[in-house]
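# Following is a predicted model, sequence given first.
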Amino acid sequence: MYRAFGKRALDLIVGGTLLLLLSPLMAAIAICVLATSPGPALYRGIRAGKGGRQFAMLKFRTMVKDADAQGPSSTGADDVRITPAGHLLRRFKLDELPQLINVVKGDMSLVGPRPQVISVVNDYTARERGLLAVRPGVTDWASIRFRDEGEILKGSSDPHGDYMRLIHPEKVDLGLKYADSVSLVTDVGILLRTAAIVLRLRSE
């Protein structure tokens, strides 16, 4: 029952409330991005959603304009394409806030496996395609486990290759584990853990 109806209700109630409450902060961030780096405030990355359906995942832009054409999608914390404001937004996970719009629209859920770029999804094994059985999420167990992903890839000469070797396999395992055991208790637990991590980062 929760998987079929309750999860979407939670997304609409919590996601919609957060979007309303955080809209002044999001407007201030958008102005900051526009004022400190040429280009749009939002980045629209094409990702695979539930069932493989493509959608535009929204983020505040943290890299220079047209960064996709200048390097790989996987980035270390020292990637030269990241703007000064982008470093700050990434550190405190503020760049992810526009995904609340994706949640309300139904492209994403508050909790679920993080959405992947199409090129990676096209190479999924039959097992990995199990990730597409649920809506991708803003956060999940893998987001918590690899909250310092940029630091892991820092200094890499092949960030995408190192991502696929060092991070991707465990992310898949954690995502499949979640997809097989969706529940209200799990979702609330992940949301609380994520909030605690973000609050701790802001206090450091």
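Thanks, I have it.
# Could you look up the next helix or strand downstream of the helix or strand hosting residue 56?
Element membership of residue 56, judged by DSSP states H and E, is strand 54-60. Downstream of strand 54-60, the next assigned helix or strand under DSSP H and E is helix 84-91.
# which of the residues in stretch 74-89 are buried?
Within stretch 74-89, the residues that qualify as buried are 74-77, 79, 82-83, 85-86, 89, counting by 16 or more other CB atoms under 10 Å. No exception for glycine: its C-beta is placed from N, CA and C like everyone else's.
# same thing with stretch 182-194?
Across stretch 182-194, burial judged by 16+ other CB under 10 Å covers 182, 186-187, 190-191, 194.
# Extract the CA atoms of it and return them as PDB.
As requested, the backbone C-alpha atoms of stretch 182-194 are provided in PDB (Å, rounded to 0.1, in the frame of the first residue of the first chain):
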ATOM      1  CA  VAL A 182      10.600   0.300   0.200                       C
ATOM      2  CA  SER A 183       8.700   1.300   3.300                       C
ATOM      3  CA  LEU A 184       7.600   4.400   5.300                       C
ATOM      4  CA  VAL A 185      10.000   3.500   8.100                       C
ATOM      5  CA  THR A 186      12.900   3.200   5.700                       C
ATOM      6  CA  ASP A 187      12.100   6.500   3.900                       C
ATOM      7  CA  VAL A 188      11.700   8.500   7.200                       C
ATOM      8  CA  GLY A 189      14.900   7.000   8.500                       C
ATOM      9  CA  ILE A 190      16.800   8.000   5.400                       C
ATOM     10  CA  LEU A 191      15.400  11.500   5.400                       C
ATOM     11  CA  LEU A 192      16.300  12.000   9.100                       C
ATOM     12  CA  ARG A 193      19.800  10.700   8.500                       C
ATOM     13  CA  THR A 194      20.200  13.000   5.500                       C
END
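# And it, how far out from the chain middle?
16 Å (CA atoms, centre = their mean, to the nearest Å).
# which residues sit against that stretch?
With CB atoms under 8 Å, 6 or more residues apart in numbering as the contact definition, stretch 182-194 has outside contacts at 2-3, 6-7, 10, 14, 110-111, 134, 139-141, 143-144, 178.
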